[in-house]
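Chemist: Sequence and computational prediction follow.
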Amino acid sequence: AMASRSRALFACVPRKSALPDELELTWRAHSKPLLRVGSNGVQESHRRSLDELLDAHGYVCVKFNVRDSAELVSQLSEQLRPESAEIVVTKGKLVLYFRPES
């Protein structure tokens, strides 16, 4: 009985993120992918879509549906990134882009 009680106590404790608090809050608010890039890689249509989404939302999460390779996700996310946008966070296959308002 004691073991299950202690597990229940630990289940209530949120895991500490490696991200700074402000960045973690931003990630949590925008971590649902609005755009997905498949195994065929980045197409011009992906670039246009990301550009439109950034205009509308400011922050956009993109999921790269590729084999779990951090290097490949990094390469594809840079190929997709518009000049006016920044990559804020990368977690696994998810990348959060941000475009400051001009």
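Modeler: Right, received. Where do you want to start? Residues are numbered from 1 along each chain as shown.
Chemist: Least confident secondary structure element in this protein?
Modeler: Taking mean pLDDT, DSSP states H and E as the measure, the helix or strand of the chain with the lowest value is helix 2-11, at a mean of 43.
Chemist: going on from it, what's the next piece of helix or strand?
Modeler: Next along the chain after helix 2-11, taking DSSP states H and E as the criterion, comes helix 21-29.
Chemist: Off-centre distance for that following helix?
Modeler: Its chain's average C-alpha position is 11 Å from that of helix 21-29, according to C-alpha atoms, centre = their mean, to the nearest Å.
Chemist: Describe which strands the next helix or strand after it pairs with in its sheet and in which direction.
Modeler: Sequence-wise, the next helix or strand downstream of helix 21-29 (DSSP H and E) is strand 33-37. Here strand 33-37 is paired, per DSSP bridges, with strand 59-64 (parallel).
Chemist: buried sites along the strand it pairs with?
Modeler: Using 16 or more other C-beta atoms under 10 Å as the test for burial, strand 59-64 gives Y59, V60, C61, V62, K63, F64. C-beta here means a position set from N, CA and C on the backbone, and glycine is covered the same way.
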